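Novice: The following block contains a protein sequence and its predicted model.
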Amino acid sequence: MQRALRALGILPLIALLGMAAGGAAWALDHSIANVVWLVTLVATGAVVVGRTLVGIWRGRWAADVVASLAIATAAVMDEPLAGLIVVVMQTGGEALERYAEGRASDAVRALEAEAPRIAHVVRDGIATDVAVQEVRVGDDLVVRPGDLVPCDGVVIDGWSALDTSRLTGEPLPTTIVAGSSVQSGSVNGDRPFTMRATATAAASQYARIVELVRTAQASKAPFQRIADRSAVWFTPLTIVVAIVAVVISHDPHRALAVLVVATPCPLILAPPVAIIGGMNRAARRQIIVRNGGAIERLARVDVAVLDKTGTITIGRPAVSHVTPRGRYSSDDVLALAASVEQGASHLLARSIVEAARTAQLALPPAHDVAESAGRGVTGIVNDTPVTVGARAFVAEHLDAAERDAVLAESHPDGLTAYVSVDGRFAGTVTYADALRDEVRGMLDALRALGVGRILLLSGDHAENARAMAERVGIQEVRGDLLPGDKVDVVRALVREGHTVLMVGDGTNDAPALSAASVGIALAGHGGGVSAEAANVIVLTDDLSRVVDILEIAQRTMRIARQSVYAGIALSGIAMVVAALGYIEPVAGALLQEAIDVGVILNALRSSTIARPARAGTPRMGSVAPLRLPVTGT
């Protein structure tokens, strides 16, 4: 409410109060009423006229020109009441526009708030805390468990697992050892390591993401109102009609009547009313639209760019295959591995336990559970040792006869955990990021709405991105992309003249979300920086809401255009009648108000859009029971 009051401003209120005061004085003395109206008109109209003149000086030929001419002419010709009516409608419409435009994104501020602040620099063998800005190339740094990597560098001692999802979008931890490159903004796991800085914090990867978001937002073309686009031809036409009316009739009041009745309030009122209605309708679908310009651009989208991990996929690895060996069944392998993993803290542990529970397997309790970060987990289940983890780690717990065979066999595709039971190789568990159920229906609906090109962009390996794209029928796909690479792709599409929709969910997507014509952030799990960078925020973990907002935007803009064209047509008819001398200025202003009311009532239909049923678009929550492919010997 406070935001709405700030947006409305005080000019319409002052004009209304002046009109009311003059109306009260009319009963006492007509001349007093006229003075009250004239003073109010000068006070409020000067702001409107002055702003319009500044706009014309800067080359902006806007819908405000006719309104300003009507206000100035009314003041000169001593018709202040007609001028005040124009002020109320003009400034009221502008207030609605400001409300619809909403607030700017705070993406850069949010990114900077999450940037690394402290580095532990090794000096004289002692780790000393310093501000990241003081780190120099060649400094040795200790990165402790849970720390943000402060700058780009290379590991010189120790090993750990890094969470790089803020940079790449990929949820799986990255194991680092001596010689591995690390990037600022990554989150260290539970083991300390020592690194050598190869770049200052200001020149590192996280700082580049911040700068990409800043430059993407600054380079966006300014939004042009529908009213201003229509004013290019309607304003000159109105001026010509007013001049012709005076030349033929020699009555300047006819020119004022023409200007008043042709004041383009329908142009100014209809779009923001329709857009606010569309934004409210979207909010009821748990979709937050930051500004009215996003609704207009969404209605024109012809290219959609989708992130992979967390957007068309769930965003976390799930068990895809269980391959048993020897006397063990797939259920045996999954249940024993999940029993041990119940006591582990890493991401894959949650996935394997969830898979076992979904398959309704009994999980015996495990004890003496020990976790080796980045390598695997051991424990005792039913008095039997069970080991789950990387091949080399599990091989250490195998009998000598099996160890060589396991180490020699080909590595399965995808992320794989090996399982041993009582010193015997029991099988493997393979993980993959699960595709969202609603993706295919969503893509079909996008194409039906006029989105001619759909691209998949990913920081994941190119072959993984291509495989996922083939599964959903996306032809254009690019992998191994850094945040800046995604921005380059989006900007190239915009330069080609496309209206580009970008859908993402992570910090690494924030620059591309800012660079796109419209950025949509999936924020069902919080959103963070990506939500700040986006124009549209989906508050539920449901990709099909992207289709919902496109449908809402297209219908909203159809209603807005209908209202604008109807208002222009009615104003044009009234303008001709006024030019012929059949409408006085005050009557013309009131007639224009009646046209405005009709336009507003039509525009309000956008808030009652019925969501069309889309057969074949499943919702999150209607997840099929887990069926694990089983292969084995």
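Specialist: That came through, no problem. Numbers count the residues shown, from 1 in each chain.
Novice: and the gap between Ser329 and Val386?
Specialist: Taking CB to CB, to the nearest Å as the criterion, Ser329 is separated from Val386 by 15 Å. No exception for glycine: its C-beta is placed from N, CA and C like everyone else's.
Novice: Also Thr175?
Specialist: 22 Å.
Novice: who has more neighbours, these two?
Specialist: Comparing Thr175 with Val386 by neighbour count (other CB atoms under 10 Å), the higher total belongs to Val386, at 25 against 15.
Novice: I'd say that one and Ala366 touch.
Specialist: Yes: if you go by CB atoms under 8 Å, Val386 and Ala366 touch, sitting 7.3 Å apart.
Novice: Now list whatever residues contact both of the two.
Specialist: Taking CB atoms under 8 Å, 6 or more residues apart in numbering as the contact rule, Val386 and Ala366 both touch Ser339, Val340, Gly379, Ile380.
Novice: In helices only, show me the residues you listed.
Specialist: Taking DSSP state H, the ones among the shared contacts of Val386 and Ala366 that sit in helices are Ser339, Val340.
Novice: Any of the shared contacts of Val386 and Ala366 buried? List them.
Specialist: Ser339, Val340, Gly379 (16 or more other CB atoms under 10 Å).
Novice: average model confidence for stretch 436-449?
Specialist: The average of the pLDDT scores along stretch 436-449 is 92.
Novice: For that stretch, list every residue counted as buried.
Specialist: Neighbour counts using 16+ other CB under 10 Å place Arg436, Asp437, Glu438, Val439, Arg440, Gly441, Met442, Leu443, Ala445, Leu446, Leu449 of stretch 436-449 among the buried residues.
Novice: Now do the contacts for the fifth one.
Specialist: The reference is to Arg440. So Arg440 contacts Val472, Gly473 (CB under 8 Å, 6+ apart).
Novice: Heading C-terminal from whichever strand or helix holds it, find the next helix or strand.
Specialist: Secondary-structure assignment from DSSP states H and E places Arg440 in helix 439-448. The first helix or strand that comes after helix 439-448 along the chain, using DSSP H and E, is strand 453-457.
Novice: The helix holding Arg440 relative to strand 453-457, how many degrees between them?
Specialist: Going by axes from the mean of the first three to the mean of the last three CA atoms, to 10 degrees, helix 439-448 is angled at 140 degrees with respect to strand 453-457.
Novice: Alpha carbons of helix 439-448, as CSV, please.
Specialist: Provided in CSV are the C-alpha atoms of helix 439-448 (Å, rounded to 0.1, in the frame of the first residue of the first chain):
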residue,chain,number,x,y,z
VAL,A,439,9.1,-30.3,-19.7
ARG,A,440,7.8,-31.8,-22.9
GLY,A,441,4.3,-30.4,-22.5
MET,A,442,5.8,-27.0,-21.7
LEU,A,443,7.9,-27.0,-24.8
ASP,A,444,5.0,-27.9,-27.0
ALA,A,445,2.9,-25.1,-25.4
LEU,A,446,5.7,-22.6,-26.0
ARG,A,447,5.8,-23.5,-29.7
ALA,A,448,2.0,-23.2,-29.9
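Novice: thinking again about what came up before, farthest pair within the buried residues of stretch 436-449?
Specialist: Greatest spatial distance among the buried residues of stretch 436-449 (CB to CB): Asp437 and Leu449, at 20.1 Å.
Novice: What lies in contact with stretch 340-359?
Specialist: Counting by CB under 8 Å, 6+ apart, 161, 171-173, 190, 316-319, 331, 334-335, 337-338, 363, 366, 369, 371, 373, 377-379, 381, 386-388, 415, 417, 429, 431, 625-626, 628 sit against stretch 340-359.
Novice: any weak-confidence spans in the stretch 451-600 of the chain?
Specialist: Judged against pLDDT under 70, the low-scoring parts of the stretch 451-600 of the chain cover residues 524-531.
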